[in-house]
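Participant: Sequence first, predicted model second:
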Amino acid sequence: MRNHFLFLLVLILPALFGCMKVEPMLTANGQGADADVRHALVSQMSFEAGKLTFRGIVLADLARPEPVTTEFGTVVRGRTLNYLNFDGVSALVYGEDGFFATECEPHASFPEFGTSHPLCETGHGENFDIIHLCFAADLGYDVAAAQNWVSVPQAMSGQKGAGMVCWSAGKKMKSSKIYTY
């Protein structure tokens, strides 16, 4: 009898668990697994004086004119978009120009926008000596497309893939509507 019970258990359990759909656990701010992945990566990074290190490896040094090449990618001061890849998770480090939170941009459709908006931490932040590291807000979306400026109304519409989650000098930015200029 015991053998029959074990046999049935072995047959039934995989069928039960195989049919169940497991939803990702949400964090307090409503983000799920993507936030966990970003946090795990950034927690292993050090941001100091225009330099970014990951597990002790220098990924970017904006004080050096020559490229910094590692197994994760190449970062060049003077090149706006520098792509890094962490086991399939893409990120950007900005080496020139700047970027801004959409909420910093005055716009007729959004009269509350501007430098006094609570999500406007970085309006026209330059990248000459500050490390700005960004991931696509949705890690399933291409980071190159996520950073593409699509206009204020489109950015605020919640268009799939629009926006990024960024750290400025190691501090997570409040806005996820970050774009380059």
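Facilitator: Nice, I can see it.

Participant: looking at this structure, which helix or strand does the model trust least?
Facilitator: Within the chain, judged by mean pLDDT, DSSP states H and E, the helix or strand with the poorest mean is helix 2-19; its value is a mean of 39.

Participant: remind me which residues of this protein are low pLDDT?
Facilitator: Applying pLDDT under 70 to the chain flags the ranges 1-31, 98, 122-127, 149-150, 158-162, 180-181.

Participant: What ranges does it have for its strands?
Facilitator: Secondary structure of the chain (DSSP state E): strands at 45-48, 51-54, 57-61, 68-70, 73-75, 81-86, 89-94, 98-101, 125-126, 132-136, 164-168, 171-172, 178-180.

Participant: Only alpha carbons, please: show the second one as CSV.
Facilitator: Read that as strand 51-54. Output of strand 51-54 as CSV, limited to C-alpha atoms (Å, rounded to 0.1, in the frame of the first residue of the first chain):
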residue,chain,number,x,y,z
LYS,A,51,34.9,55.8,-11.8
LEU,A,52,32.6,52.7,-11.8
THR,A,53,33.9,49.4,-10.5
PHE,A,54,32.1,46.0,-10.4
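
Participant: Now that strand: buried residues?
Facilitator: Counting neighbours by 16 or more other CB atoms under 10 Å, one finds that the buried residues in strand 51-54 are Lys51, Leu52, Thr53, Phe54. Placement of C-beta: from N, CA and C, glycine included.
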